[in-house]
Each structure stands twice: as structure tokens, then as C-alpha cells.
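Peer 1: Sequence isn't available, so here's the structure alone:
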């Protein structure tokens, strides 16, 4: 269900449908509800809530998913009214992440985000004890005491998870420093979920330890890094990262911050866009928003417009006024245009090396000038 006052609600429903499929659900009914502001009690208003209650009975629906983030009060009231699980967008994405995470770090990051979200829902979890509260002058009933116990338990788990993730981040930093000492040029694939990053990663890296690629949202959660050969005796380190999505829960951005640092430390970003999506410009804005949040907004970037085969377009490049490639049309699935991507990566590496050489020369000149002055 999408509740929106804008025309884009239809596209949002399409994405919610894809998210539900990725979470293992079988969507039965799609519903749009236009509101300028949420109803204080039920989010969608009592009339629409009763209409949906009838639909639930007629269609034998077992779960309702909202495209928006619901408050604990909204969820509690809708749970009671419909007598079935009510999920919001945040919980749906958390469920997908929990299914996809493979590495210990990925699983710990998802668990941290889940606990952070759960800590805001404790009141809803113990509403069945509300009637057992003490009378006037009696401090706190069993529901309140249970909430406090749960809050403390969650805080302990969150602290331990953060300690584990901090250690893992230090280990990754050590590996990153080792690559830097080796002079490795670092390239990160970024983009909206299901744009084709993992398929492009496999096309560039070859068959050795391929990334999992599937026509699903968030097919990749764990960052995968490989050294690849670009020809002409040139190598680089390529990383495949988690895909971004509209309204990515802030807790997930925080939980995956250490992983996303891999992107912020890159020398070049390959921004993969779904060329067949009518929402690609809007999706690109979501990607740029997250890149800015993690400090990667100003890194050198090449746009890779994927799935050109679905548009009956041939692979090709667009260059800036300086002759540098800044946009490439490819089909990663068909392995069409991959050499153009390699060519652009080599060109970017050469520009990077030239800039580093100039900076080193300037630094050396300044040092010599300083010595001669002294």
C-alpha cells in the first residue's frame, strides 16, 4: 500500500511490489491512498481502514505492507483493527537485508539496524499488559517494567554489536592501507538496487569468485573486492557494494557506514543506472544523496547506463569537452560495451596518475625552495 499526495505513488507501488517479492511475499492486492497528512490514529483514516478490513477478509490476506514508515502507535492500532501483521517500508527492507547478508559483518550490521528499529517499537510489543497497570499511587505496571527490561537488554546487544563492527572496521582499514601501499587504484561500483552492478562486476572481474547477481532488489549486501586486469599491464581493485534505494532507513545507513566507507575511499566511482527504468533520474538522485552522506559526493564518477539492449540501443560513450569519457551505454547481461568501461577506467587511472605526479612535483619544488631559502 502506498500513501502519497504525489503522482509518483504508482512508481512507488511498483518498487514496493518488487521489495515484497524480494522479501519472499506474494502480493495479492495493490492499493493507493492519497492523503496530505497521516491520520493521527490509523495513518490512513477510519473509512479507508474499514474498507481494507473488508478486503482482507474477501482476499484472505495475511499481511499488510505500507510503503511509508509507520509510527509505533499507527502499527499498534492497525494490528488491533485488522488482527494481522502490519509492516512498514523499514521493516520490509530489514527483512530483505536479513535474508541477503552472508558475511559475519553483514549479518552484524543488519542485526544492529534491526535492534535500533526494534527499540522504537517496545510500547507496541507489550500492549497486552496495559490493563494490568497499578492504580493511582502505584508506580508502573508489568508492561512498563517489561519495556524497561527489554530496553536495557537491547542497549547491551547494540553496544556489543558496535564493538564487533568497530573491530571489523579496523581490520578492513588495515587491508585498505595494505592496498594503498601497493599503489592500487580503487574503483567502486555504486547505484540503485537492481541496476546491474553485480552483473557488471562479474563481467569485469571474470568468473573467479563471482558476485551474486539476480533480478532481485538487494541481491548484493556484502562488499566484494577483487583485483582485476585491464590490459596494457594495468591493474586496479574493483569493489561491488550494496545497492541504494529510496528512503533507505537511516539506521541501515548508519549500520552499513563502515562498509560504505569502502566507497568513500575509492579513486573512481562507476555509477550504474538502470537504463530501462523510467525512474532512473529519480533513482540517481537517491544515490547521490547517500554518496554525499558518506563523504563520496565529490569523487570522480563515470555514469554507466546499463540494459541498453532493452532499449534497442548500441553500446557507446559520451565525452566531456576535454575528451574524457563520462557516460557509457552498455548491456552487462549481454557483455556488450564492457571494453568501453575498461577503456574509461584506464583513462581515469592515467588522469589520476598524472595529477598525482603533478602534486608530487609541486610538493618537491616547494621543499627544495624552502631548503634553499633556509
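Peer 2: Done, it's in. Small disclaimer: the values here were computed from a predicted structure and weren't measured.
Peer 1: Quick check, pLDDT for residue 53.
Peer 2: pLDDT for residue 53: 96.
Peer 1: Kindly tell me how buried it is, as a neighbour count.
Peer 2: 16 (other CB atoms under 10 Å). Just so you know, the C-beta spots here come from the backbone N, C-alpha and C atoms, and that holds for glycine as well.
Peer 1: Could you look up the SS state of it?
Peer 2: helix (DSSP: H, G, I helix; E, B strand; the rest coil).
Peer 1: Next up, the contacts around it.
Peer 2: Residue 53 is in contact with 81-82, counting by CB atoms under 8 Å, 6 or more residues apart in numbering.
Peer 1: In terms of secondary structure, what does the longest helix along the chain contact?
Peer 2: Assignment by DSSP state H gives helix 142-181 as the longest helix of the chain. Here helix 142-181 touches helix 104-118, helix 122-125, helix 257-264, going by 3 or more CB pairs under 8 Å, 6 or more residues apart in numbering; DSSP states H and E.
Peer 1: would you turn these into CSV with mean neighbour count and distance to residue 193?
Peer 2: Listed next are these as CSV, based on neighbours: other CB atoms under 10 Å; distance: least, CB to CB, whole Å:
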stretch, mean neighbour count, distance to residue 193
helix 104-118, 20, 15
helix 122-125, 16, 28
helix 257-264, 20, 14
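Peer 1: ranking the ones you listed by mean pLDDT, which is last?
Peer 2: Among the helices and strands packed on helix 142-181, helix 122-125 carries the lowest mean pLDDT, a mean of 58.
Peer 1: Check residue 323 and give its pLDDT.
Peer 2: We have a pLDDT of 89 for residue 323.
Peer 1: likewise residue 161?
Peer 2: 93.
Peer 1: got a list of what it touches?
Peer 2: 108, 111-112, 115 are the contacts of residue 161 under CB under 8 Å, 6+ apart.
Peer 1: Let's see that with 6 Å instead.
Peer 2: By CB atoms under 6 Å, 6 or more residues apart in numbering, residue 161 lies in contact with 108, 112.
Peer 1: how far away is it from residue 117?
Peer 2: 13 Å (CB to CB, to the nearest Å).
Peer 1: likewise residue 285?
Peer 2: With CB to CB as the criterion, residue 285 and residue 117 are 25 Å apart.
Peer 1: Residue 31 now?
Peer 2: In terms of CB to CB, residue 31 sits 24 Å off from residue 117.
Peer 1: do residue 355 as well
Peer 2: Distance from residue 355 to residue 117, by CB to CB: 43 Å.
Peer 1: again, but for residue 271
Peer 2: 29 Å.
Peer 1: quick one: contacts for the spatially most central residue of the chain?
Peer 2: Of all residues in the chain, the one closest to the mean position by CA atoms, centre = their mean is residue 244, 3.3 Å from it. Counting by CB under 6 Å, 6+ apart, residue 244 makes contact with 192, 286-287, 290.
Peer 1: Can you tell me the SS state at the residue nearest to residue 81 when sequence neighbours are not counted?
Peer 2: Of all residues not flanking residue 81 in the chain, residue 49 sits nearest, at 5.9 Å (CB to CB, 6 or more residues apart in numbering). Following three-state DSSP, we place residue 49 in the helix state.
Peer 1: One more: residue 20?
Peer 2: On the three-state scheme (three-state DSSP), residue 20 is labelled helix.
Peer 1: same question, residue 270
Peer 2: Secondary structure, three-state DSSP: residue 270 is strand.
Peer 1: quick one, what contacts it?
Peer 2: Residue 270 sits next to 189, 302, 304 when contact means CB under 6 Å, 6+ apart.
Peer 1: Reformat those residues into TSV and put pLDDT and neighbour count next to each item.
Peer 2: Output for those, formatted as TSV (pLDDT from 0 to 100; neighbours: other CB atoms under 10 Å):
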residue	pLDDT	neighbour count
189	95	27
302	98	21
304	98	27
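Peer 1: re earlier: for the residue nearest to the centre of the chain, list each beta-bridge partner.
Peer 2: Note on residue 244: beta-bridge partners by DSSP bridges are residue 192.
Peer 1: thought residue 19 was touching residue 90?
Peer 2: No. The criterion here is CB atoms under 6 Å, and residue 19 misses it with residue 90 at 11.1 Å.
Peer 1: in the stretch 201-350 of the chain, which spans are strands?
Peer 2: 224-231, 234-240, 268-274, 301-306, 316-319, 325-329 (DSSP state E, counting those that start in this stretch).
Peer 1: can you tell me which of those strands the model trusts least?
Peer 2: Note on the strands of the stretch 201-350 of the chain: lowest mean pLDDT is at strand 224-231, with a mean of 86.
Peer 1: So which residues make contact with that one?
Peer 2: For strand 224-231, contacts defined as CB under 6 Å, 6+ apart pick out 204-205, 211, 235, 237-240, 342, 345-346.
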